[in-house]
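>>> Turn this into a model:
(2 chains)
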Protein chains: 2
Amino acid sequence: MRMGFDIGGTKIAAGIIDGEGRIRARRTAAFPKKNQETAAVDLLSSLAEEMLEELHIKLTDLAAIGAAVPGRLNRDRSRILYAYNLNFFDLPLHSILSARFPGVPVRLLNDAEAATLAEWKAGSLKGCRTAILLTLGTGVGGGLILNGSPFFGGLGHGVEPGHMILEKGGILCTCGTPGCAETLVSASRLASQGYGNAKNLIDAARKQDKKAAGLFEDYLEDLSSFLASLANLLDPERIAIGGGLSGAGEFLFDPLQKQIAEKSFFHYEYPVVPAALGNDAGMIGAALAQDIK
Amino acid sequence: MRMGFDIGGTKIAAGIIDGEGRIRARRTAAFPKKNQETAAVDLLSSLAEEMLEELHIKLTDLAAIGAAVPGRLNRDRSRILYAYNLNFFDLPLHSILSARFPGVPVRLLNDAEAATLAEWKAGSLKGCRTAILLTLGTGVGGGLILNGSPFFGGLGHGVEPGHMILEKGGILCTCGTPGCAETLVSASRLASQGYGNAKNLIDAARKQDKKAAGLFEDYLEDLSSFLASLANLLDPERIAIGGGLSGAGEFLFDPLQKQIAEKSFFHYEYPVVPAALGNDAGMIGAALAQDIK
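So this is what the prediction gives:
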């Protein structure tokens, strides 16, 4: 059994998973609004106690504990350099959690890394030696599986597919560079068109609302260009799409895959699939973090 | 000792290298204009004989023989599916060379793969666990080192950085898709501006020829966007530039590196270096081909 925490700016998801990646106990709690550094760690302790009690096991029965955060870690993964949404800055979270959970190895990772690891070990990318996970949300995150291992960047900065440039001279991205993929393929692009959110716009397009259908077509055009670009570089076995759009079904995935085949250099119909683990990916990936080399 | 052949549409380069990757004997010959499939193999035999004689060694003293071709191989690397410039189509080159050179293991690879392997084992990318080689010529080729190994694509199609889209709605690329990086950052773009070739244009820009300086600045802008994109995805330890532009020195590499730092998500000054092996890269990489997993 392993325990994972996905610490987000809105909520904390905690879980205990077994050797097959199945969730055996789970809890969620709102992320504290004050004294975050101490209050969040107290919360992790009490969620852990509840789950251990539920399963009638002791802390030291756990093989590993992992915690995922939306921010950047230092090179040896002992400190959170920054996680703006959590108000964590230069926090030695590894030693703090090791003291709270004595006798169990602790590992920290970034939330995008956790999601990639989870989808690879227990979800949509299981068994792949080369694969891409893209999470289309407010921004565009993701991760890579390369040469049979999760790849978190060559220098430890991280992997930022959303900040690959797709439109020379395009819209200024929040990162300060014009034309990043994020400006064209995030779910926010669809959410800002007067339909409430991306799902509603896609539902309207499916029902042949003319404006929605046109917006969806433009979006597909850009998303397929982005995925064809990535496919031309990495020639992946599979591409998984996470975030709100992953539920759009064949209406999104069928034309997307065909357009990728048209645009990609090898005209190969790279398989595009929805991510499998949804909001549990971060917590499951955190629990599996010991498996990173 | 190992022997390598770089079979190009204009010439064949052959060499014998030692355990440190140093060239101990070398030959070049024009690529045959007729009956290419048989004439080229006869030529490899005679170049091999000459070099073995020069070094006073026997064929069976060689640990390995490799051949690089500008084209696509089948999945098990036994056949050349196509190499247009060589007029090779569905050629079982592995068994042909194995029969010509009995008792020595033979390996085939693509020329971009060979150059990447050579730069990694014996050139500009030595010791890197994550690195990018880009060859800027008529087109844009290259290769990747990922998780400590050469990466030739997840499905065996290959790695095509030049066909990543950099300009939505841009110029139509030879591959049929608009806006590929190749349309913006190939050396041909500079060669087509009335200065004869890319080197002359850069020399003119260095001497403050106004038109040339403007063209060079635009080119730098696009090349740095492309490299920042790749750096955002892979966070590489080093990026090597091969092809005619690799000789442009600090005039190219200094501003390039600074612009990458400005544009990249982590604002890191990713090291950009010239490729080290020049035209020998294909032949050296071919000789080292047995080292591919």
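>>> if I pick the nearest residue to residue A:29 once chain neighbours are set aside, what's in contact with it?
Nearest residue to residue A:29, sequence neighbours excluded (Cβ to Cβ, 6 or more residues apart in numbering or on different chains): residue A:12, at 5.1 Å. Bear in mind the C-beta positions are built from the backbone N, C-alpha and C, glycine included. By Cβ atoms under 8 Å, 6 or more residues apart in numbering or on different chains, the contact list for residue A:12 reads A:5, A:6, A:28, A:29, A:30, A:31, A:40, A:43, A:44, A:47.
>>> Return the backbone torsion pair for residue A:12.
phi -110, psi 130 (degrees, to the nearest 10).
>>> Ok, residue A:151 next?
Dihedral angles (degrees, to the nearest 10) for residue A:151: phi -120, psi 120.
>>> okay, now it: neighbour count?
Neighbours of residue A:151 under the rule other Cβ atoms under 10 Å in any protein chain shown: 23.
>>> Check residue A:119 too.
Other residues close to residue A:119 by other Cβ under 10 Å number 29.
>>> which non-adjacent residue is nearest residue A:153?
Per Cβ to Cβ, 6+ apart, closest to residue A:153 is residue B:235, 3.2 Å.
>>> before we move on, what SS does residue A:89 have?
Put simply, residue A:89 is strand when judged by DSSP: H, G, I helix; E, B strand; the rest coil.
>>> hang on, it packs against residue A:72?
No - applying Cβ atoms under 8 Å as the test, residue A:89 and residue A:72 come out as separate, 10.6 Å apart.
>>> between these two, who's got more neighbours?
residue A:72 (16 against 13).
>>> Give me the distance between that one and chain B.
In this structure, residue A:72 and chain B are 9 Å apart, going by Cβ to the nearest Cβ, to the nearest Å.
>>> Work out for me the element the residue lying closest to that residue once chain neighbours are set aside sits within.
Distances taken as Cβ to Cβ, 6+ apart place residue A:81 nearest to residue A:72, at 4.6 Å, with adjacent residues excluded. Element membership of residue A:81, judged by DSSP states H and E, is strand A:80-83.
>>> what pairs with that strand, and is each one parallel or antiparallel?
strand A:72-73 (antiparallel), strand A:88-91 (antiparallel) (DSSP bridges).
>>> Make TSV out of these and add mean pLDDT.
Formatted as TSV, these follow (pLDDT from 0 to 100):
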stretch	mean pLDDT
strand A:72-73	93
strand A:88-91	96
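>>> Mind putting the ones you listed into TSV with distance to residue A:100?
Listed next are the strands paired with strand A:80-83 as TSV, based on distance: least, Cβ to Cβ, whole Å:
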stretch	distance to residue A:100
strand A:72-73	18
strand A:88-91	13
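>>> Quick check: which ranges of the stretch 1-150 of chain A have low pLDDT?
Applying pLDDT under 70 to the stretch 1-150 of chain A flags no residue at all.
>>> okay, now residue A:266: neighbour count?
Residue A:266, neighbours per other Cβ under 10 Å, totals 19.
>>> how far is stretch A:221-234 from where the chain is centred?
19 Å (Cα atoms, centre = their mean, to the nearest Å).
>>> Please see if it touches chain B.
Yes - on the criterion Cβ under 8 Å from any Cβ of the partner chain, stretch A:221-234 is in touch with chain B at A:222, A:225, A:226, A:228, A:229, A:230, A:232, A:233, A:234.
>>> Now do the residue lying farthest from the centre of chain A against residue A:221, distance only.
Distance from the centre of chain A peaks at residue A:210, with 32.3 Å (Cα atoms, centre = their mean). The gap separating residue A:210 from residue A:221 is 17 Å, by Cβ to Cβ, to the nearest Å.
>>> Same question for residue A:22.
Counting by Cβ to Cβ - residue A:22 and residue A:221 are separated by 39 Å.
>>> okay, these two: which has more neighbours?
residue A:221 (16 against 11).
>>> ok, the closest residue to the more buried one other than its chain neighbours - how many residues close by?
Distances taken as Cβ to Cβ, 6+ apart put residue A:259 closest to residue A:221, at 7.3 Å, once the chain neighbours are dropped. Per other Cβ under 10 Å, the neighbour tally for residue A:259 reads 17.
>>> And the one 10 residues further on, by the same measure?
Residue A:269: 13 surrounding residues under other Cβ under 10 Å.
>>> quick one: it is in a strand?
No - when three-state DSSP is applied, residue A:269 is found to be coil, with no strand at that position.
>>> from what I can see it touches residue A:258, true?
Yes - counting by Cβ under 8 Å, residue A:269 does reach residue A:258; the two are 7.1 Å apart.
>>> Residue A:171 is in contact with residue A:185, isn't it?
No - the criterion here is Cβ under 8 Å, and residue A:171 misses it with residue A:185 at 12.0 Å.
>>> the more surrounded of the two?
Of the pair residue A:171 and residue A:185, residue A:185 is the one with more neighbours under other Cβ under 10 Å, namely 25 against 12.
>>> ok, so what distance separates that one from residue B:83?
Look at residue A:185 and residue B:83: by Cβ to Cβ, they are 36 Å apart.
>>> what are the ranges of the helices in chain A?
A:36-54, A:93-100, A:111-122, A:181-185, A:187-191, A:198-206, A:210-234, A:250-263, A:281-287 (DSSP state H).
>>> Grab the nearest non-local neighbour of the residue in the stretch 1-150 of chain A that chain B sits nearest to.
Using Cβ to the nearest Cβ, the single residue of the stretch 1-150 of chain A nearest to chain B is residue A:130, 2.5 Å away. Of all residues not flanking residue A:130 in the chain, residue B:154 sits nearest, at 2.5 Å (Cβ to Cβ, 6+ apart).
>>> Am I right that the one you found is in contact with residue A:236?
Yes - using Cβ under 8 Å, residue B:154 makes contact with residue A:236 at a distance of 4.8 Å.
>>> which residues do those two both contact?
Residues touching both residue B:154 and residue A:236 (Cβ under 8 Å, 6+ apart) are A:128, A:130, A:131.
>>> In strands only, show me those residues.
Members of these lying in strands (criterion: DSSP state E): residue A:131.
>>> ok, and the most crowded of the shared contacts of residue B:154 and residue A:236?
Of the shared contacts of residue B:154 and residue A:236, with other Cβ under 10 Å as the count, residue A:131 tops at 26 neighbours.
>>> quick one: residue A:8 from residue A:225, how far?
Taking Cβ to Cβ, one finds residue A:8 at 31 Å from residue A:225.
>>> Neighbour count: these two, which is higher?
Neighbour count, other Cβ under 10 Å: between residue A:8 and residue A:225, residue A:225 has more, with 25 against 20.
>>> wait, isn't the more buried one in contact with residue B:168?
Yes - counting by Cβ under 8 Å, residue B:168 is a contact partner of residue A:225 at 6.6 Å.
>>> any shared contact partners between the two?
Joint contacts of residue A:225 and residue B:168 (Cβ under 8 Å, 6+ apart) are A:166, B:179.
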